[in-house]
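Engineer: How does the following fold in three dimensions:
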Amino acid sequence: MKANLSIHMYARASKANTIGHYPIYVRITIDGKRSEFSTKKFIDPKKWDEKSMRIRGNSEEARTINSYLDTIRLQINQTHLKLSFQGEAVSLDNFMETYTGKKEKARTLVPIFKNHNQKVKELIGIEYAEGTYVRYETTLAHIQKFLKWKYQKDDIDIMKIDNIFIHDLDFYLRTEHKCANNTVMKYIKNFKKVVRICLANGWLEKDPFINYKSKFIEIEKTFLTEEELEALIHKNLYNDRLDLVRDIFVFSCFTGLAYIDVKQLKPDNLIKGIDGQLWISTHRQKTDTPSKIPLLDTAKEIIEKYMNHPKSNNDNTLLPILTNQKMNAYLKEIADLCGINKILTFHCARHTFATTVTLSNGVPIESVSKMLGHKSIKTTQHYAKITDRKVANDMESLKAILNSAINKDVTSKQSG
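Structural biologist: Residues are numbered from 1 along each chain as shown. All right, here's what the predicted structure looks like:
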């Protein structure tokens, strides 16, 4: 709704100076509300034309002051047009704030997001992994592209971020960028963190995510079965590089360590555990949570095999691991050679440890969770799939218990 604006200029007698000249005042009225201010120009009241709101005559003084008054009128009208064009409801208060330049500069999304990302970058290795920083930067890049796509702008006032904005961003990521559901959810989650910062600082009055409902779709984790793991372990590869990659992958299958945690292992991470046996004691880089893992024989043998490897000695690492990209490339080749019809990545080893090596063999989920370095059992449940074998074993145990009870009852009746 367009506000009614009127401008009135007059010579104010009550503020006359010592020589009897009156100051020229400007009165702005918007929808019945008024505000006045002085132009700081004084005139002889006899020369003032109330109807035209100008000084009479063509003197140098008249031309100078009238030109100044015209400039004020122009600035007032331009302010009114600016607020109307921006779609803001024009009130006397926001009009005068804008006109006088006292209105607080609007906070916009991109600088706030960049400031957040910079802090994350400075905390790499302290609170965050580098990958976390990269993901926030990617999220910001997608949002900047979205702003261009939707609004033809490079930035946006955070006050304009509402539920419609969130849904439009979701739609953009799914359609224009062809992102899968869980990828969209990760970007939205990163964006939501920045929105929470705005809410915490009082820059936003209402949470735009209140009516946004979407959820992660649980994806079945890839892991090796016992038969596939055995085939991988015993396959003759006849290639030192493939043999190395296979061994380190198997090491992860028997320890549950992620790639970055294996890469950062040093001889100092080997300790004597509470049982007097060899353990690995480390902190997961992703969550900075402690992880203590008793070493199984297969993992011990791999450590011993590469104990004096030149790369391990030069880097002071426990194992001579390659880059994650190279490891995954070789693992695909190894899978083909072993007849494993799965897309094998290094992270599959962590899932294999949680399912085939531990849970399927009766290790309680609480113990698995602690070894994986998870903060909650809920996280472990996402990683660990209870296999059909575990279900079968559990049911066999139940059958044995039930049969034992039945046989005992029959024997008791016969003896009676």
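Engineer: Going by C-alpha atoms from here, please, whenever you check contacts or count neighbours.
Structural biologist: Fine.
Engineer: in the protein, which segments are predicted with low confidence?
Structural biologist: Along the chain, the parts satisfying pLDDT under 70 run over 1-2, 87-88, 102-105, 287-288, 383-391, 393, 405-416.
Engineer: and the residue nearest the centre of it, what is it in contact with?
Structural biologist: A centroid search over the chain (CA atoms, centre = their mean) returns Asn190, at 1.8 Å, as the residue closest to the centre. Asn190 sits next to Tyr136, Thr139 when contact means CA atoms under 8 Å, 6 or more residues apart in numbering.
Engineer: Pull up the gap between it and Lys119, please.
Structural biologist: 14 Å (CA to CA, to the nearest Å).
Engineer: Same question for Tyr330.
Structural biologist: 36 Å.
Engineer: Show the residue spans covered by the helices in the stretch 1-150 of the chain.
Structural biologist: Per DSSP state H, counting those that start in this stretch, the stretch 1-150 of the chain carries helices over the ranges 60-85, 92-100, 109-122, 130-151.
Engineer: What of the stretch 151-300 of the chain?
Structural biologist: Under the criterion DSSP H, counting those that start in this stretch, the stretch 151-300 of the chain contains helices at 163-175, 181-200, 226-234, 240-253, 259-263, 297-305.
Engineer: which parts of the third one are buried?
Structural biologist: Of the residues in helix 226-234, Leu229, Ala231, Leu232, Ile233 count as buried by neighbour count, 16 or more other CA atoms under 10 Å.
Engineer: Please apply the same query to the fifth one.
Structural biologist: Within helix 259-263, the residues that qualify as buried by neighbour count (16+ other CA under 10 Å) are Tyr259, Val262, Lys263.
Engineer: quick one on the thing from earlier: Tyr330 and Lys119 - which one has more neighbours?
Structural biologist: Taking other CA atoms under 10 Å, Tyr330 and Lys119 do not tie; Tyr330 has more neighbours (19 against 11).
Engineer: so how far is Pro290 from the residue lying closest to the more buried one once chain neighbours are set aside?
Structural biologist: Spatial nearest neighbour of Tyr330, excluding adjacent residues (CA to CA, 6 or more residues apart in numbering): Leu242 at 6.5 Å. Applying CA to CA, the value for Leu242 to Pro290 is 31 Å.
Engineer: same deal with Thr139?
Structural biologist: Distance of Thr139 to Pro290, given as CA to CA: 29 Å.
Engineer: Give me the more crowded residue out of these two.
Structural biologist: Between Thr139 and Pro290, Thr139 has the larger neighbour count (other CA under 10 Å), namely 19 against 16.
Engineer: The more buried one touches Met185, doesn't it?
Structural biologist: No - between Thr139 and Met185 there is no contact under CA atoms under 8 Å: 10.9 Å.
Engineer: How about Asp31: what's its closest non-neighbour residue?
Structural biologist: Per CA to CA, 6+ apart, closest to Asp31 is Asn4, 5.3 Å.
Engineer: likewise Ala129?
Structural biologist: Leaving out its chain neighbours, the residue that sits closest to Ala129 by CA to CA, 6+ apart is Lys286, at 6.1 Å.
Engineer: Count the residues that sit near Thr175.
Structural biologist: Per other CA under 10 Å, the neighbour tally for Thr175 reads 11.
Engineer: what's the distance between it and Phe146?
Structural biologist: Applying CA to CA to Thr175 and Phe146 gives a distance of 11 Å.
Engineer: list the residues that contact both of those two?
Structural biologist: With CA under 8 Å, 6+ apart applied, the contact sets of Thr175 and Phe146 do not overlap.
Engineer: how does this structure divide up, domain by domain?
Structural biologist: Here the domain parsing of the chain from automatic domain parsing is 5-100, 109-200, 226-385, 391-416.
Engineer: isn't Tyr187 right up against Thr139?
Structural biologist: Yes - with contact defined as CA under 8 Å, Tyr187 and Thr139 form a contacting pair (5.5 Å).
Engineer: By residue count, what's the longest strand in this structure?
Structural biologist: Of all segments of type strand in the chain, defined using DSSP state E, the longest is strand 33-43.
Engineer: Using CSV, list the CA coordinates for it.
Structural biologist: As requested, the backbone C-alpha atoms of strand 33-43 are provided in CSV (Å, rounded to 0.1, in the frame of the first residue of the first chain):
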residue,chain,number,x,y,z
LYS,A,33,2.1,11.8,11.0
ARG,A,34,4.5,14.7,10.9
SER,A,35,8.2,15.3,11.3
GLU,A,36,9.9,18.7,11.0
PHE,A,37,13.5,19.8,10.6
SER,A,38,15.3,23.1,9.9
THR,A,39,17.1,23.8,6.7
LYS,A,40,19.5,26.1,8.6
LYS,A,41,18.7,28.8,6.1
PHE,A,42,17.4,32.2,7.5
ILE,A,43,15.5,34.7,5.4
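Engineer: what inclination does that strand have with respect to helix 92-100?
Structural biologist: Interaxial angle, strand 33-43 versus helix 92-100 (axes from the mean of the first three to the mean of the last three CA atoms, to 10 degrees): 30 degrees.
Engineer: Okay, buried residues for strand 33-43 please.
Structural biologist: Neighbour counts using 16+ other CA under 10 Å place Phe42, Ile43 of strand 33-43 among the buried residues.
Engineer: Next: stretch 203-217.
Structural biologist: For stretch 203-217, burial by neighbour count (16+ other CA under 10 Å) applies to Leu204, Pro208, Phe209.
Engineer: out of the domains of the chain, nearest to Ile217?
Structural biologist: Distance to Ile217, taken as CA to CA, is lowest for domain 109-200 among these, at 6.4 Å.
Engineer: now do the same end-to-end measure for that closest one.
Structural biologist: This stretch, domain 109-200, spans 15 Å end to end (CA to CA).
Engineer: returning to that earlier point: ok, of the buried residues of helix 259-263, which one's closest to Thr345?
Structural biologist: Nearest to Thr345 out of those is Tyr259 (CA to CA; 10.0 Å).
Engineer: So the closest one sits against Asn324, correct?
Structural biologist: Yes - in this structure Tyr259 lies within contact range of Asn324 using CA under 8 Å: 6.9 Å.
Engineer: any residues in contact with both of the two?
Structural biologist: Phe346.
Engineer: roughly how far apart are Ser397 and Val357?
Structural biologist: Counting by CA to CA - Ser397 and Val357 are separated by 19 Å.
Engineer: These two: which is more packed in?
Structural biologist: Val357 (21 against 12).
Engineer: mind checking the backbone torsions on that one?
Structural biologist: Dihedral angles of Val357 (phi, psi; degrees, to the nearest 10) stand at phi -80, psi -40.
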